[in-house]
Each structure stands twice: as structure tokens, then as C-alpha cells.
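Chemist: Please work out how this folds:
(2 chains)
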Amino acid sequence: MRARTDVIINFSTGAVGVPAEERVAHIRDLKPEMAALNMGSMNYAIYSEKKKAFYHDHVFANPFSDIQLFLETMKSAGVRPEMECFDAGHIGNTRPLIDMGVLDAPYQFSLIMGVLGGIPGTTRHLVDQVDSLPQGSHWQVIGIGLNQWPLVAAAIAMGGNVRVGLEDNFYVEQGRMAKSNGDLVEKACRMAHDLGREVASATEARAQLGISPSPRRGEGRGEGQAKQ
Amino acid sequence: MTEVKAELVGSVWKITSQPGDQVAEEAVLLILESMKMEIEVTAPRAGTVKEIRVKEKDVVKEGQVLVVLE
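Modeler: Next up is the predicted model:
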């Protein structure tokens, strides 16, 4: 992939019930440019109103000891942490880490909204989350389910960045499922253009986020996988 | 014959069985991804996989038949 494109490669580290060492091992080995860092613990559930039942009812555990391990691993590998905040308190969890010197600027936040157990996916909550960020942070919104589109619109209007994809939402609009990630990306681009924003190329995004302009060709053991 | 259906909207992340497999009750037939989670679809009873009606990366609707057991 690195030979073909200069997209920013970002790996997930999130998993329920998997030891922290295992969740971060591929970051140490493959050294992507960015990796997800879950910034706090929460209930993580899916609920069916139709069946009046939970499909999944887990605790997504991310204690500070794990966050520190992930951060130290990313720092030594030269990987930018993409701080995933599913709830209001998760942003505040950066404060002690900044104070300790394990988390350095520039700060990269993903505001994930609409997971049951986390912050609701409303514009009002998005404004509050953005207001809570450390000065000068880069941020994107990740709306879960059909909440995604109003949040995309709000983030574009607020000058933020957006993430869309089948991992988060299956619908282009109510009742119409996306055939691929491309359908969702196309709609997000259209919304940005309609609101007078431009969509950055991978090269431009690297410059804006302060990430090395050249992909890390030749580093790591194998091919990367674009994620998030 | 038993139809194994999707309990929620998702994308097919990995198919872990194939036609002809003898499976035990609760055996994982495939894994869906939904709401950022991997969700195992398991056999409701022991049997033989007769048909798999989806392929990896397909987006499936709630109630859609994924696998047929006999």
C-alpha cells in the first residue's frame, strides 16, 4: 500500500477482552503513522428496541495504566496517537497525561458519538466536546448510525474534520443502505462542497496534521491496512 | 432445514464455515461487523452447513438469511 499511495495509515488498537500488550503489539512492529488510542472505559452496548434486548453488553476497559502503555509504545515507535473519545470524560483524561509528559502536542482527537454507553450523537454534545479540547487540537467527528449525517454537517460547519465508513454507519440516508465505503465518502465530500469546504488530498492532510510528507516506505514488516 | 439470519444490520467481516461443514451448536459460522464491533453469528443447533448466502464485505440487513443448516 505504501508503494501505491501516500494515504495516512492508521491502525486500530481497540478490542474487548484482549490484553493491552496484544492490542498494541502490531503498532510496535509495523509503525503506522497513526494509531487509535482509546481514552477511557465505558459500557459498550447495542440495543434492539424491536426485541427489547441487548445484543451486546460489554465493558470496554481502558484504564490509565493501559493508556500509558499504549502512549509509550506509540511514542517510541514515532506513531501519532489518534485519541478516541467516546464520552465527555475521555477528553479530560488527557490532562494528567499531558502533565506527566507522556502525551505531546500536536493533539489528534476523534470524537465518537452515538454509541450506547457513550455520549449521545447530537450537535449540542458535539459543540460541548469541541469546546473541551486542548487549545490547537486537530479533531474529527465519528458519528455512529444515522446520527452520522447531522454530525458530519455540524463538524463541517464548525471547521472540523469528518470520518465516514461502514464501520460506523450503513446508511446513505434513511432506508437506503450504502453499497460500499465509496457511497458514504462521496456523500461526505458532496456535503463539504455544498457548505463551501474543500476536501484535502492525502498529501494536503499530511501537511495540515503535521505528519511527514512521505509515506514510510520500507518500514515495518508487511503491508498496512487503511483503518479509520 | 434451519435458516440463520442476521440479528442486526452489519457487514460480513469473515466467513468461518463452508458448505458441507458439520457444525456443533454454538459453532461460529461467520462474523459480522456492526457499530464498530465484531459480532459472531453462531449455529442455533448442530447440523451441516448447506448453503452460505453471503460473501465477505457484503452489507446485510436485519433478518436477512446468512446461512442455511440441514
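Chemist: Check whether stretch A:155-173 comes near chain B.
Modeler: Yes. Applying Cβ under 8 Å from any Cβ of the partner chain, one finds stretch A:155-173 in contact with chain B at A:Leu166, A:Glu167, A:Asp168, A:Phe170. Every C-beta, even on glycine, is put in place using the N, C-alpha and C of the backbone.
Chemist: could those residues go into CSV alongside secondary structure, pLDDT and neighbour count?
Modeler: Converted to CSV, the residues of stretch A:155-173 next to chain B look like this (DSSP: H, G, I helix; E, B strand; the rest coil; pLDDT from 0 to 100; neighbours: other Cβ atoms under 10 Å in any protein chain shown):
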residue, secondary structure, pLDDT, neighbour count
A:Leu166, coil, 91, 19
A:Glu167, coil, 89, 20
A:Asp168, coil, 92, 22
A:Phe170, coil, 91, 24
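Chemist: Identify, from these, the entry nearest to A:Asp194.
Modeler: Closest to A:Asp194 out of the residues of stretch A:155-173 next to chain B is A:Asp168 (20.9 Å), distances taken as Cβ to Cβ.
Chemist: which residues does that closest one contact?
Modeler: A:Ile142, A:Gly143, A:Ile144, A:Gly145, A:Gln148, B:Met35, B:Lys36 (Cβ atoms under 8 Å, 6 or more residues apart in numbering or on different chains).
Chemist: hang on, the earlier thing: name the pair among the residues of stretch A:155-173 next to chain B with the greatest separation in space.
Modeler: Most distant of the residues of stretch A:155-173 next to chain B, by Cβ to Cβ, are A:Glu167 and A:Phe170, 9.7 Å apart.
Chemist: Now the most centrally placed residue in chain A: which helix or strand?
Modeler: With distances taken as Cα atoms, centre = their mean, A:Ser110 lies nearest the centre of chain A, 4.1 Å away. Using DSSP states H and E, the element containing A:Ser110 is strand A:108-113.
Chemist: roughly how far apart are A:Thr203 and A:Thr5?
Modeler: Distance, A:Thr203 to A:Thr5, using Cβ to Cβ, to the nearest Å: 10 Å.
Chemist: How about B:Lys14?
Modeler: In terms of Cβ to Cβ, B:Lys14 sits 25 Å off from A:Thr5.
Chemist: before we move on, back to that, summarise which helices and strands the strand holding A:Ser110 is packed against.
Modeler: Here strand A:108-113 touches strand A:80-85, helix A:123-131, strand A:138-143, going by 3 or more Cβ pairs under 8 Å, 6 or more residues apart in numbering or on different chains; DSSP states H and E.
Chemist: Partner strands of the first one, with direction?
Modeler: When pairs are called by DSSP bridges, strand A:80-85 turns out to pair with strand A:34-38 (parallel), strand A:108-113 (parallel).
Chemist: Where does residue 45 fall, secondary structure wise?
Modeler: The chain I'm using is chain A. Short version, using DSSP H and E: A:Ala45 is in strand A:42-48.
Chemist: wrong one, I was asking about chain B
Modeler: Per DSSP H and E, there is no helix or strand for B:Arg45.
Chemist: number of nearby residues for it?
Modeler: Other residues within reach of B:Arg45, judged by other Cβ atoms under 10 Å in any protein chain shown, total 11.
Chemist: now it, nearest residue through space, not along the chain?
Modeler: B:Glu25 (5.3 Å; Cβ to Cβ, 6 or more residues apart in numbering or on different chains).
Chemist: show me what contacts the residue nearest to A:Leu126 when sequence neighbours are not counted?
Modeler: Closest residue in space to A:Leu126, ignoring its immediate chain neighbours: A:Ala154 at 5.4 Å, by Cβ to Cβ, 6+ apart. For A:Ala154, the contact set (Cβ under 8 Å, 6+ apart) comprises A:Thr123, A:Leu126, A:Val127, A:Val141.
Chemist: Am I right that the third one is in contact with A:Ala155?
Modeler: No. Taking contact to mean Cβ atoms under 8 Å, the distance of 10.3 Å between A:Val127 and A:Ala155 leaves them out of contact.
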